[in-house]
Every structure is written in C-alpha cells, then in structure tokens.
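Colleague: no FASTA, just this:
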C-alpha cells in the first residue's frame, strides 16, 4: 500500500505536534502515558498520531511515516488489518465486557498452547506487567523461596520487585531503580549479567534461597540482544539442579520472533512463560502459563491469589484469535518478514559504514535492532557503549524523511506483514541520506 502523503518532501512537512504536546502536559503527567513516548532520549517533540494504515502512521498534520515500531510489537499484520478489525467489530456488537467467562477465552488459550511446548494451562491478564508480576508470585509460592534473579538490561514491567538495577557487581542484591520502590522489596531481587552463566551461579550462592529466575530469552529492552542457546540451556540445567522456577518472558518475542518464540531457536521448556502484546492483536491482552502442577496453585483451585475484571475480555480475545488464525494460514510469514528485516539491517550497515559510522545489528524473525558501536552486543554493558548521541541525530533525520523508528537506542524495531522490498529499500535510501546529512554536519562543525 502506498499513501499519497508519504511522498511529501522534507521541506514541505508541517508539524503542529508541539501544540498537542503542550496541551497534553497540562492534564497528563509528562504529557505522555508511557515515558519513552516523550522523545527525551532522541530530542524533539513526540508525534501525535491520527491513524495507522498498513505499515504507515499518519500524524495529525497528515504526514505519513513508515512505521518500524508497530505499537511496540503487537501489530504483526500492520495497522488496521481488515480481518482483525472485522473480528473486533463483530465482538463489540455483543458487548464490551462481561466480567464472566466466554468461549473465546478457551479457544484463544488452546491456540496459544498448541504453538508452545511445555504449557498445560494459561491465565489471561491485561498487560505484560501483570503477567510477569503474577508469574513471579506463583513461582515463589511453588518453590517456597522469596528471592528472584533478573538480568541487567531485561525489562519485565514496572512492578516493584522488578524495578531493580545492578549493584557494584553482577552477583549482588539489587537496589531500587525508581523512587517509591521499598528497599525491603528490592532486597529479594538479585541482578545477574545477561549471557553469563557464572554470574547466575554467583547470585544463587549469594542468596541461598532463590525461588525463581526470570529472563527475556530475546531481550528487546536494551535493544535487540538475543541470549545464546548455550546460555539458555545452561540456565535451564541450573534451575533443575537447584529446584528454581524458570520464567521465560516472551511478552515481546512470543509470536513475534517466531510462531513459537524462543523455541524456534533452542529446545527450551520453561516452567512458566509470559506472553503479551502480540497475542492481543493490538488490543490490551497478556497471559502467563506453564505446567499444570504450578498453574493449579492459582485461585480458585489453589491458594495463590490473582484476579482482574478485564482479564480475557471479549474484545481483546477476538482480536487475538483473529491474529492467530491469520498466522495458521500464512505459513511462510516469519521467513518473509525475517528476510525483510535482514534486508533492512544489511542496508543500514552498508549506509552507515559508507559514511564512516560504526554499527552492529541483530535480527530475530520479524524483530531487528542496531547499535552505533563496533563488535557484537552480548549484554547490557556492551549495549551501553553505543553512541546514543548519534542515534538521536539519526532518529531525527529519519523522521524528517518519513521513517518512524523506536525513540530510544535501547528498544527493538519490528517488521510487519504489509511491508515489502520496496518499502524496505525506501527506508534504506532514507537511512543513507540521513547518514550523509549527519556526516556533512559533523564535517562543517569540524
């Protein structure tokens, strides 16, 4: 799909989002309802979006952008997909919410379980934060231990025990990374180094009472940094050895990197897994699930309490079912999207190096990431070496050329089904022009 507005030349673009942003700041904290949207790490004013069509976003001034954010992942089939919209519209006619069971919840649960090994039962919630928070509570109850291990650079939502940063070393108890998080809670969270199994061993020895380990197997919140198969399998073995519940957070990567998430790349069966974003097809929906003996500890069968009025609501489940049904029909979807992702990152690499900029890229299925640095990124310390000032300039230049990238160096990009080689090549051309402009500016200043 090609939009007429997409051909607007750079000098003719009109932006009034600053007025929208100033108005929003009067009544919404920070002017945004999620911090990264404020563009603080890249500068400029966040765009206020009027609508999405196919692989494009259109702002309030009618400017169109090739969208590599895709609502931070869930829009595998792009904006305003007709079949997903039709399913939602059909569900709306029966009512918005019932606070009671529906058949659609069971159908969606079966569809998810059929694609992912090791899950017997699921519980739906409304957000990834709810899923990870609930999974950790359940894991603690099952293991009978209070301490958990997370990994530096992995993000699992904004619940108190997970807003923790590393201390002076990886095998230390974490400290709160946000005001309002009690130190007593963070004292039960240890922070290990991603892709470093020895740091995990150190955390286990330091604590002596670790009940759960939670990890993004394909980290998307320090930029795209995949865990190595060897590390994940060693982590599984370590959890088995010590009776620790392994929680795999696939809120971003589940049904995004591949139909069966991390299991496409490594034979890994977690004890609990968290899904979000994609399983709602663009609507607020998430889930956590695992072996029956663990899941049956949840109320009302067991004593571990978790509840939510809008959990598994009929509108979100309708969107999720429609999305999964499309996946079953499009057998080669992930291969095609990965091919486009590699085409884009290869183009980024050649364009950056043409103008003397270092760049490192990664691809997992329809997910991609890039850092302005030399070498492979294996953990958050590596990621933090990236040139964030260059990223901010690049982001601004790409925006001026009609390409919408994630507004932080430490986020992931996404390819959607409506994209094709023409869209990707147009984006690569914009990248080359952006690097040329940055290089010219640097030369003039030098």
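Modeller: Ah, there it is. All of these numbers come straight from a predicted model, not from anything done at the bench.

Colleague: Report the separation between the closest residue to residue 238 other than its chain neighbours and residue 311.
Modeller: Closest residue to residue 238 apart from its sequence neighbours, by C-beta to C-beta, 6 or more residues apart in numbering: residue 200 at 6.2 Å. Yep, even glycine has a C-beta here, placed from its N, CA and C like the rest. According to C-beta to C-beta, to the nearest Å, residue 200 and residue 311 sit 32 Å apart.

Colleague: So for those two, which sits in the more crowded spot?
Modeller: residue 200 (26 against 18; other C-beta atoms under 10 Å).

Colleague: Sticking with the more buried one, tell me its helix or strand.
Modeller: Element membership for residue 200 (DSSP states H and E) is helix 197-207.

Colleague: who's the closest residue to residue 141 other than its chain neighbours bridged to?
Modeller: Sequence neighbours aside, residue 304 is the residue nearest to residue 141 in space, at 4.7 Å (criterion: C-beta to C-beta, 6+ apart). In this entry, residue 304 is beta-bridged to residue 298, by DSSP bridges.

Colleague: From residue 313, how far out is residue 304?
Modeller: 22 Å.

Colleague: Just want to know which of these two has more residues nearby.
Modeller: residue 313 (25 against 18).

Colleague: residues touching that one, list them.
Modeller: By C-beta atoms under 8 Å, 6 or more residues apart in numbering, residue 313 lies in contact with 96, 97, 98, 126, 285.

Colleague: burial count for the last one?
Modeller: Applying the criterion other C-beta under 10 Å, we find 29 residues in the vicinity of residue 285.

Colleague: Likewise for the first one?
Modeller: Counted with other C-beta under 10 Å, residues neighbouring residue 96 total 10.

Colleague: mind checking the SS state of the closest residue to it other than its chain neighbours?
Modeller: Distances taken as C-beta to C-beta, 6+ apart put residue 315 closest to residue 96, at 6.2 Å, once the chain neighbours are dropped. For residue 315, the assignment made with DSSP: H, G, I helix; E, B strand; the rest coil gives helix.

Colleague: what's around residue 315, how many residues?
Modeller: With other C-beta under 10 Å as criterion, residue 315 counts 22.

Colleague: likewise residue 178?
Modeller: 11.

Colleague: what's the answer for the one 10 residues further on, then?
Modeller: Other residues near residue 188 come to 20 when the count uses other C-beta under 10 Å.

Colleague: per-residue confidence for it?
Modeller: pLDDT, residue 188: 89.

Colleague: per-residue confidence at residue 43?
Modeller: Predicted confidence (pLDDT) for residue 43: 88.

Colleague: Looks like it contacts residue 392 (just checking).
Modeller: Yes - between residue 43 and residue 392 a contact is recorded at 5.4 Å, counting by C-beta atoms under 8 Å.

Colleague: Go through the longest helix along the chain and flag the buried ones.
Modeller: Longest helix of the chain, by residue count under DSSP state H: helix 421-445. Residues 423-424, 426-428, 430-435, 437-438 are the ones in helix 421-445 that count as buried (16 or more other C-beta atoms under 10 Å).

Colleague: coming back round to it: for the residue nearest to residue 238, give me its contacts.
Modeller: 149, 192, 213, 235, 238.

Colleague: Not counting its neighbours along the chain, what's nearest residue 38?
Modeller: Leaving aside its sequence neighbours, residue 38 sits nearest to residue 32 (C-beta to C-beta, 6+ apart; 4.8 Å).

Colleague: In this structure the one you found contacts residue 48, no?
Modeller: No - counting by C-beta under 8 Å, residue 32 stays clear of residue 48, with 10.3 Å between them.

Colleague: what do the two both touch?
Modeller: residue 24.

Colleague: Residue 436 against residue 355, yeah?
Modeller: Yes - with contact defined as C-beta under 8 Å, residue 436 counts as touching residue 355 (6.1 Å).

Colleague: So residue 47 belongs to a helix, correct?
Modeller: No - according to three-state DSSP, residue 47 belongs to no helix; its state is coil.

Colleague: Skipping adjacent residues, who's closest to it in space?
Modeller: Residue 47 sits nearest to residue 59 (C-beta to C-beta, 6+ apart), 4.6 Å away.

Colleague: what's the neighbour count on that neighbour?
Modeller: 22.

Colleague: before we move on, what about residue 146?
Modeller: 15.

Colleague: separation between it and residue 234?
Modeller: Counting by C-beta to C-beta, the gap from residue 146 to residue 234 is 24 Å.

Colleague: got a pLDDT number for the closest residue to residue 385 other than its chain neighbours?
Modeller: Nearest-residue entry for residue 385: residue 373, 5.1 Å, with adjacent residues in sequence omitted and distances by C-beta to C-beta, 6+ apart. If you check residue 373, the pLDDT there is 97.

Colleague: thinking residue 373 is in contact with residue 387, fair?
Modeller: Yes - counting by C-beta under 8 Å, residue 373 touches residue 387, with 6.6 Å between them.

Colleague: any idea where the helices of the stretch 101-250 of the chain begin and end?
Modeller: 103-115, 128-143, 183-186, 197-207, 229-242 (DSSP state H, counting those that start in this stretch).

Colleague: Quick check: what element follows the host helix or strand of residue 370 along the chain?
Modeller: Assigned by DSSP H and E, residue 370 belongs to strand 367-371. Per DSSP H and E, the first helix or strand lying C-terminal to strand 367-371 is helix 380-383.

Colleague: helices or strands next to that following helix in the packing?
Modeller: On a contact count with 3 or more C-beta pairs under 8 Å, 6 or more residues apart in numbering; DSSP states H and E, helix 380-383 meets strand 225-226.

Colleague: Pull the residues that contact the strand it packs on.
Modeller: Looking at what lies outside strand 225-226 - C-beta under 8 Å, 6+ apart - the contacts are 153, 194-195, 217-219, 265, 362, 364, 369, 377-380, 382-383.

Colleague: if we go to 6 Å?
Modeller: For strand 225-226, the surrounding residues in contact (C-beta atoms under 6 Å, 6 or more residues apart in numbering) are 218, 219, 364, 377.

Colleague: and which of these is nearest residue 250?
Modeller: Proximity of the contacts of strand 225-226 to residue 250 (C-beta to C-beta) peaks at residue 218, which lies at 7.8 Å.
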